[in-house]
Every structure is written in C-alpha cells, then in structure tokens.
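[1] Just a sequence and a predicted model for now, questions to come.
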Protein chains: 2
Amino acid sequence: MKGFDNTLQTVRPDIRAVAIAAGVSVSTVSRALNGYVDVNAETRKRVERAAETLGYKPSHTASTLRRNKTSTVTFMVSKPWTKYVDPYFLGLLDGLELMLTAAGLDLQVVMARDFDCEIDVIRNAVERNRCDALVFARTRPEDERIDWLEKRGFPFVTVGRNNRNTHSFVDRDQVKVGRNAVRRLVALGHQRIGQLTTPLRYTYTHLTMQGVREGLEEAGLLHDPSLDVECPLSQKTGEEAVTELFLRGARPTALVCGNDLIAISAMDGLRRLGLVPGEDVALIGCDDIPIAAHVRPTLTTFTIDLAAFGIRIGRMVQARLQGHTTPQQEVVEAPIVLRQSDCPSGQTKVRTP
Amino acid sequence: MKGFDNTLQTVRPDIRAVAIAAGVSVSTVSRALNGYVDVNAETRKRVERAAETLGYKPSHTASTLRRNKTSTVTFMVSKPWTKYVDPYFLGLLDGLELMLTAAGLDLQVVMARDFDCEIDVIRNAVERNRCDALVFARTRPEDERIDWLEKRGFPFVTVGRNNRNTHSFVDRDQVKVGRNAVRRLVALGHQRIGQLTTPLRYTYTHLTMQGVREGLEEAGLLHDPSLDVECPLSQKTGEEAVTELFLRGARPTALVCGNDLIAISAMDGLRRLGLVPGEDVALIGCDDIPIAAHVRPTLTTFTIDLAAFGIRIGRMVQARLQGHTTPQQEVVEAPIVLRQSDCPSGQTKVRTP
DNA sequence: GTTTTTGTCAAAATCGTTTCCGGCCACACT
DNA sequence: AGTGTGGCCGGAAACGATTTTGACAAAAAC
C-alpha cells in the first residue's frame, strides 16, 4: 500500500505529455503553441488538439525562467493611506487591468505596509524578478523610488510627478485644480480662503497649493499662510485641522481641501464649532469619491475619469515594455462638480465656539 | 561597437557568482543560505558575506520552479463591487498581509473583472501554478469556485460560507447581525421593519435575512416580505430601493440595510420623498465603513475588526499550507455601533411624497 | 590496523519551458 | 547528377535555483 496516492489532485500535464500525445517533439509543441511560423498547419492543429484534450497550461514559472520575462505588471499601493482614499486607486486599477489583460499581461497588486518599506517592496519586486514593470502613485518631489528605478533602467510609470520629471507619468492638472477652486470661491465673493492640504511630502500637494496661490494672485488677494493647515491622511484629519484653525483665531470663509475625506471630516469639525458647513463656511474637495454626493451638504469637488486614467497608464506601460525609452507624460484636467458645499460668502455668522 | 551594452542595468548576481566569490560550490551556497545543517559554520559565514557584498537575491522564479512552491498567496477581489465596498476588503488585506509577510509569504492581489471570470481567474492562478493558496470573499450558497478548488484539493480560505461548509472559512455572524438589528429597532418601538438587502446570490445576505426573521419572530412580529427590497451593489442602490418601496405603498418605519452604502444612499432616497432619515425612518447599516461616522445622520451600523479578521485568515492559510487538512472555521461577532440613524418609532409623519 | 561513522562539500540531476542549431526531405534550378 | 533553397522538425543547451547522491577526509569504534 505504500506509495499509494490518495489525493484527488491530478498531475498537471507536461509539455512532454502533449508532445507524446501529439506524436511530435517538445520543441515543436512549444513552437506550435507560441505561434511560430515554421510549423506545419496540420501539425499545429494536432498539437493544439492534444493540448486541449489534456488540459495543458504551460507553467508560468518555467516560461518566466526561460524567457526572463514575467508578463506581469505590479501596482504598488501604500496601505495606510489607501484605507481612506482607496476609491481613487481602485477606479484606476479598473482601467489599468482592462488594458493590461487585453495585452496579455497580468496585473498584480502588492502593498507597502508603511512609508519606509515602499522602497523595499519595489526593490524586492525588481531584484527578485517578479515583474516586468512597476506602477505606483503618491510621488514626492524627491522620490527615492523613482531615482532607484531610473538608475537601474527598470520600466515604470507613476501617478504623479517628482521634481525632475524625466520618466513616464500620468497626473491630474493639480495646479488648475487649485486655481479653479479659488476662482469658484472668489466668484462667490470669498476673500478669506484657507487650505486644508494633503501632506506636504507629496508633489501634488505643492502643485495644488501653487494653483491656489495663482488663483489668489489673479484675484488680487493676498495669500495668508495662517489660513492653511496640513492634514495627515487619517480619518479625523479635517476635523482636527479645522478645529485647530478656528481655535487659533483664523477665520476663513472658505476652505480648499486637498481631498474629499478632508473636506467631509472638516464638515464635522465645523459643526462642532457651531458653524454650518456649506452656509457659514464654503468647502471644496478633490477626487469625487463615491460618497461625496451622499454627504450633507453634498460636496463640491473635482472629478476625474479614473478608468480612463488607468488606461493611459496601461498604454504607457506597454510602450515601456516594447522598448520605447522616451518618457511619455500626460497631465489631464479634472473638471469641477458643483454641489452644495460651496456657497456664497457674506453669510458668515461668527459665533464664539 | 556591436554587442555594446549601453544600459546602466547591472547584471543580477547568480548563485554561481556567489559560489565563486566564496570559493565554494553552488550547492553549498544554496545549503548555506537556506539554513541547512550540514555546512560548516565558517563556510556559511563566508557564503553569507559573499552574498551580502554581491547583493545576491535568489531568483524567485527559479526557486519556485525547482521547489514547486511559489510562497505566495493570492487574494482575489471582484472588481465591480470593490469600488463601493472597498474599505471592507482593504482593512482585511491589511491584517492578512501582516500575517503572511511575517511567515515569509508574499501576498498578491488579483482582480476579477466581472462575475463570470471569477472562476477563470482562479483556474488561471491554480493551473498555472501562480500561488500556493487562495483567498476570496463574497461566497455564494452554490459556489463553483469552492467546488472546483475542493475537488482539486487546492488550499484556500474564504471570507463567508457556502451551503456545505466543508472548507476553511472566516465569517461574521450575520444571523446575529440581523437579529440584533431587529432587536434594537424593536426596542425603539418599531413594528414595520423592512430590509434593503445585499444581492441574494450571496450567502451572507441569506444569513442576515434569517437573523432578521428570527428577530421579528422573537418579538412576535410578522415578517412582511413586501417591506423588503434586494439592492444591487451600485452607488444609487439604496436610493432606488427606497423610492420603489415607498412608491408602491410600503411604509416601513425602520430599515435594516445590508451594508453601509445601501443605508447612506437610502438616506438620499428618503429625503427625496420628503422624509427625514433618522427621524421619520430609522436606518441601520452594516460594515462600519470609515464614512459611516461622517454622514448626517451618522450611521448606526455593525463594526468589525477587519485587521484581526485578516490575521485569522492568514493563520488558516498557514495551517493549510503546513498540510493541516481538517478545515478550520471561525464565525466572529460584529458589535453594533449606536449613532444617530436609528431612532424611536412613532415620530413618523407620513406625508404624500 | 581495519572498519565504521561523522562532518563537509562537490557533482550532477532536476524542475518545465524556450530557443538555437542543425538535419532531413522535397523541390527547383543549373 | 549536383547544388541550392525552403519548409519543417528534433536534439540539446540554456534559464537559476534546489536536492540527491556520493566522495573524501578525519575521527571514532572495533
């Protein structure tokens, strides 16, 4: 009874098994199945039938080893942030996956536990040959991930820029987001416009702030830095920021928020201070996450077609993998979606908190 | 000039390179680095130093091929849904990743574009040897994924049950969720309690409904199916459901919602009908997504420690990979979080919509 | 002094593909 | 008849690791 195999697990058929079944050599099977030309149409059909009936699927591992190509693209998400801003990533992955699978590439998502291990995750993926290209977001002005990958000549595409921009990226026009937010608020009569910004380590934060400054300048207003607060990417982020802002005496009538969650939690903060968001203080968010239309007041924000965004990324990745070395760069505009949270100025009834 | 390599790409060091640098054979390097005992302490140190200075990382592909173990666990998410219910998945992945990396396993996430390709994604992962174990959620009473994997004897863990439950799974106690929701509402004086359920194809939907029925029975109330509506997993889901419900004349004073997004969008629907959510109609959600505390009225819902959930899954996966074949099954309780959206009955001022 | 054991390592086989190289055959062209 | 020329296919060498086998000393046992 020894050696008796009681598992139901059937052995995965070899390329050798196919070769025997089709009565040809292993190399012919490989050529036939991979669409090479120098194989007789008749033979190819025989091989295909044999592979079909045996249920043969080539071992991805073996072919990766031999070809030195994994046919997979890795998307790195940075976990602690995604919990709150995830719809952004997921919409993007939607488009990216569509594009890549159409091109015969696998999309694989890996997570970086925290800030410091981002580079480790990337190094691991590259050095251990786990993918042919990388995609990641949340870029910083000085981004060691970009530096490292550029130095190694490894294909990658980012969502967002750094301060050099010698690589392929897709990004929103954050400057315009900032400028248009201010324009809208100025048109509504606001003069004291503050910012609840995303973390300053990210490039897009700076671009948005630059846009805000430009908008203010354009309107002949002075940028008052005491109206700005940097918000971490946590859940109570806007609430705490707005509390700090008002308790220290700064009294903006409008707030440009770095993302929707900041804006939404800022609403809570305002209410705690006895102010009515969307009446006493105008708010504009950014990203148009699904929930933005469902909070009260509904959130005025900047939207973007994330799936299309993902598809752009996919195209860039493909270009990279096909050997195109000149970096492609696209900056797409994010239109504003007007809802309730922005409101005319002048209604502000300042009460003591 | 031909053959000149102008890339900066440095060649990845071989195990052979390490062997030469350390002055030993390839096999010794392998044994030394993999912690085998029959290698001299002195030699091992020399090998480790050589590997270190060369920056040697064993090729994951090659070792996978030889060992026939990938050391990766695949989590399959079903994309069209995740866009709206994603915080649930991401919290879970957080814990799972923590567990697996601690055990030296890679976590990889793949997406299924739609319903039909879920099984294909799984077959692909398994048949092409891309992972050692699978994890997925959104199980159904008759789940062909589970059937297929069980038949093949491939290790997997699910989030949620099917109708057989002969495999390893982790799940919330959905029956208790339903029952406790009703208990709470009954305690608040409600008699006409309706349900906005998640799609009926999922097991957890049925379990929740069973709990609701049990709760009603317990309170001596009759279950009125005309107060129930099945909601798809889209963004306007609850809004449409509640509109349908009230327009066809059903007038529940309280709604048990299958998830938070259903509840939140149902609030919009109620408002459109001239009703005040949390005053005219009580609402209870499920999942406690981050935004639940930020909508108005804040949402009473059932919470769960997703990271802990993920860790449980990780442990089960590990057990599976270590050859334990008896299925492990855990059902964890989800405590209710009381906020504003549930309210006493009897305030209902029915207006014509 | 011979045999056995033990510790340490090298050689070679192996995993499942792909791809290079060369061979065979049929056919056409001198 | 001899020489190319394609078309088609098989053999064998990779790819980079792991694991088995066995060799060779030194130490221990008889």
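    Received, thanks.
[2] drop to CA atoms for contacts and neighbour counts, all remaining ones
    Will do.
[3] which SS class is residue A:301?
    Taken by DSSP: H, G, I helix; E, B strand; the rest coil, the conformation at residue A:301 corresponds to strand.
[4] is it true that it touches residue A:289?
    No. At 9.0 Å, residue A:301 and residue A:289 do not qualify as touching, with contact defined as C-alpha atoms under 8 Å.
[5] host element of residue A:181?
    Element membership of residue A:181, judged by DSSP states H and E, is helix A:174-187.
[6] So which bits of that helix are buried?
    Along helix A:174-187, the positions that meet the burial threshold by neighbour count (16 or more other C-alpha atoms under 10 Å in any protein chain shown) are A:174-186.
[7] do the same with stretch A:59-79
    A:59-62, A:64-65, A:70-79.
[8] where's the dip in pLDDT among these?
    Ranked by pLDDT, the buried residues of stretch A:59-79 bottom out at residue A:79, which has 71.
[9] Going along the chain from the least confident helix or strand in chain A by mean pLDDT, find the next helix or strand for me.
    The helix or strand of chain A with the lowest confidence, counting by mean pLDDT, DSSP states H and E, is helix A:79-102 at a mean of 76. On the C-terminal side of helix A:79-102, the nearest following helix or strand under DSSP H and E is strand A:106-112.
[10] what about the stretch 51-200 of chain A, any weak spots by pLDDT?
    Low-confidence segments of the stretch 51-200 of chain A, defined by pLDDT under 70, span residues A:80-87.
[11] near chain B, which residues of it show up?
    Taking C-alpha under 8 Å from any C-alpha of the partner chain as the test, the list of the stretch 51-200 of chain A residues beside chain B reads A:57-62, A:64-65, A:79, A:82-84, A:86-87, A:90-91, A:94, A:97-98, A:107-111, A:113, A:127-130, A:151-154.
[12] which residue is nearest the centroid of chain A?
    Within chain A, the residue whose C-alpha comes closest to the C-alpha centroid is residue A:89; the distance, by C-alpha atoms, centre = their mean, is 4.3 Å.
[13] Touching, residue A:279 and residue A:296? I think so.
    No. With the criterion set as C-alpha under 8 Å, residue A:279 and residue A:296 do not qualify as a contacting pair; they are 11.5 Å apart.
[14] Look at these two and report which has more neighbours.
    residue A:279 (21 against 18; other C-alpha atoms under 10 Å in any protein chain shown).
[15] what sits against the residue in the stretch 251-353 of chain A that DNA strand D sits nearest to?
    When scored by C-alpha to the nearest atom of the strand, the stretch 251-353 of chain A has residue A:321 as its residue closest to DNA strand D, at 18.9 Å. With contact set as C-alpha atoms under 8 Å, 6 or more residues apart in numbering or on different chains, residue A:321 has these partners: A:132, A:133, A:155.
[16] Keep only those of the residues you listed that are in helices.
    Of the contacts of residue A:321, none are assigned to helices by DSSP state H.
[17] Inside strands: which ones of those residues?
    Under the assignment DSSP state E, the contacts of residue A:321 contribute residue A:133 to strands.
[18] among the contacts of residue A:321, who's most crowded?
    That'd be residue A:155 among the contacts of residue A:321, by other C-alpha under 10 Å, with 25 neighbours.
[19] wait, it sits on residue A:320?
    Yes. Using C-alpha under 8 Å, residue A:155 and residue A:320 qualify as a contacting pair, with a distance of 5.9 Å.
[20] Give me the three-state assignment for the nearest residue in space to residue A:224 that is not next to it in sequence.
    Leaving aside its sequence neighbours, residue A:224 sits nearest to residue A:194 (C-alpha to C-alpha, 6 or more residues apart in numbering or on different chains; 7.7 Å). Recorded secondary structure, residue A:194: strand (three-state DSSP).
[21] Tell me the spacing between residue A:194 and residue A:283.
    Going from residue A:194 to residue A:283 by C-alpha to C-alpha, to the nearest Å gives 10 Å.
[22] Of the two, which one has the most company?
    For the pair residue A:194 and residue A:283, the greater number of neighbours falls to residue A:283 (33 against 25), based on other C-alpha under 10 Å.
[23] okay, now residue A:144: neighbour count?
    What residue A:144 shows, counting by other C-alpha under 10 Å, is a neighbour count of 14.
[24] wait, it sits on residue A:120?
    No. The pair residue A:144 and residue A:120 fails to qualify as a contact (C-alpha under 8 Å) at a distance of 10.9 Å.
[25] Please report the distance of residue A:107 from DNA strand C.
    In this structure, residue A:107 and DNA strand C are separated by 19 Å, where distance is defined by C-alpha to the nearest atom of the strand, to the nearest Å.
[26] how much space is there between that residue and residue B:339?
    Between residue A:107 and residue B:339 the computed distance is 40 Å (C-alpha to C-alpha).
[27] repeat for residue A:250
    For residue A:250, the distance to residue B:339 equals 31 Å [C-alpha to C-alpha].
[28] do the same with residue A:211
    Relative to residue B:339, residue A:211 is positioned 39 Å away (criterion: C-alpha to C-alpha).
[29] Looking only at neighbour counts, state which of these two leads.
    Comparing residue A:211 with residue B:339 by other C-alpha under 10 Å, the one with more neighbours is residue A:211, at 22 against 16.
[30] Let me know the secondary structure of the more buried one.
    helix.
[31] who touches it in this structure?
    Contacts of residue A:211 were listed using C-alpha under 8 Å, 6+ apart, and they are A:174, A:175, A:176, A:177, A:178, A:179, A:180.
[32] related to what we said a few turns ago, hey, what's in contact with both of residue A:194 and residue A:283?
    In the contact map built from C-alpha under 8 Å, 6+ apart, the residues linked to both residue A:194 and residue A:283 are A:254, A:255, A:256.
[33] can I get these in TSV with neighbour count?
    Putting the shared contacts of residue A:194 and residue A:283 into TSV (neighbours: other C-alpha atoms under 10 Å in any protein chain shown) gives the following:
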residue	neighbour count
A:254	31
A:255	27
A:256	28
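[34] Nearest to residue B:203, out of the residues you listed: which one, please.
    Distance to residue B:203, by C-alpha to C-alpha, is smallest for residue A:256 among the shared contacts of residue A:194 and residue A:283, at 43.5 Å.
[35] Not counting its own residues, what contacts the one helix or strand residue A:330 maps to?
    When secondary structure is defined by DSSP H and E, residue A:330 falls within strand A:329-332. Residues outside strand A:329-332 that contact it (C-alpha under 8 Å, 6+ apart) are A:167, A:168, A:169, A:170, A:171, A:172, A:173.
[36] does the fourth one really touch residue A:162, like I thought?
    No. Between residue A:170 and residue A:162 there is no contact, the gap being 11.5 Å when judged by C-alpha under 8 Å.
[37] pretty sure residue A:69 is in a helix, no?
    No. Secondary structure assignment places residue A:69 outside any helix; it is coil (three-state DSSP).
[38] From DNA strand C, how far off is it?
    Counting by C-alpha to the nearest atom of the strand, the separation of residue A:69 from DNA strand C is 9 Å.
[39] That residue touches residue A:126, doesn't it?
    No. With contact defined as C-alpha under 8 Å, residue A:69 does not reach residue A:126; the gap is 11.8 Å.
[40] Identify the contacts common to the two.
    Going by C-alpha under 8 Å, 6+ apart, residues that sit against residue A:69 and also against residue A:126 are residue A:132.
[41] and chain A, which of its residues are near DNA strand C?
    Taking C-alpha under 7 Å from any atom of the strand as the contact definition, chain A meets DNA strand C at A:13-16, A:26-28, A:30-31, A:33-34, A:56-59, A:62-63, A:65-67.
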